[in-house]
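Participant: pasting a predicted model and its sequence here:
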Amino acid sequence: MPATAAVHVVDHPLVVHRLSQMRDRRSEPYTFRRLCREIGQFMAYEVLRDLPLAHKRIETPVAQMQAPFLADGTVFLAPVLRAGLGISEGFAEMLPAAKFAHIGLARDPETLAAAEYYFKAPEGLDRHPVLILDPMLATGHSAIAAADRLRRAGAVDLRLVCLLAAPEGIANFHAKHPGAPIFTAAIDERLNEHGYIVPGLGDAGDRLFGTT
């Protein structure tokens, strides 16, 4: 990846529309989960646009041809528990051969620091793209902790995927991991005094699973 990677805003109207529905506080958890999964599917197209293709001969109902297929469909999905599971469903539907690395992080409500409580990943992180899936890039602490852990496990091609990003989180993440691109559906205004994105959509984990 380049020395300083870009921030890619996936602002397709179908994504923007669903994101606005997710922001609405009246959206029930089952609706929120569906929308999160669908946005994940749309974002998969952009995040993995550079996957290599290889050609093999097939026969259509009309003629033979050299048809393009994924050269290697292996991609690692690394959802940050628990909120990252919502995005991972959409990516997994587009990538049935994907493998999972799960990262459990808890945010301290006072310091906003991220503490790891679980990590499990398959081998081979150094050979394929590894997508960190976390709906909110707020302070950046969780994303940085996840990237640090995956780097220690061997990941080289890291990409951060989120629904919303705050300018503060983007700056903090790229200060620690300048080579990892960020893919987001929107960049919001700022963080509030509690470290939440404004206008945001609230706590993604609570809204996904109906907790408070």
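Facilitator: Received the coordinates, thanks.

Participant: which residue ranges of this protein form helices?
Facilitator: 13-23, 29-47, 84-94, 141-152, 167-176, 204-209 (DSSP state H).

Participant: redo the ones you listed as CSV? Include mean neighbour count, mean pLDDT and distance to residue 71.
Facilitator: All C-beta spots, glycine's among them, are computed from the backbone N, C-alpha and C. Output for the helices of the chain, formatted as CSV (neighbours: other C-beta atoms under 10 Å; pLDDT from 0 to 100; distance: least, C-beta to C-beta, whole Å):
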stretch, mean neighbour count, mean pLDDT, distance to residue 71
helix 13-23, 16, 97, 27
helix 29-47, 19, 96, 17
helix 84-94, 22, 95, 16
helix 141-152, 21, 96, 23
helix 167-176, 18, 96, 30
helix 204-209, 19, 93, 34
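
Participant: for residue 113, which of these is the nearest?
Facilitator: Nearest to residue 113, of all the helices of the chain, is helix 141-152, at 5.7 Å by C-beta to C-beta.

Participant: against which helices or strands is the closest one packed?
Facilitator: strand 76-81, strand 102-107, strand 114-120, strand 130-133, strand 158-165, helix 167-176 (3 or more C-beta pairs under 8 Å, 6 or more residues apart in numbering; DSSP states H and E).

Participant: residue 188 is nearest to which of these?
Facilitator: It's strand 158-165; of those, that one is closest to residue 188 (C-beta to C-beta) at 5.5 Å.

Participant: coming back round to it: and residue 9, which of the helices and strands packed on helix 141-152 is closest to it?
Facilitator: Closest among the helices and strands packed on helix 141-152, once you apply C-beta to C-beta, is strand 158-165, at 8.6 Å.
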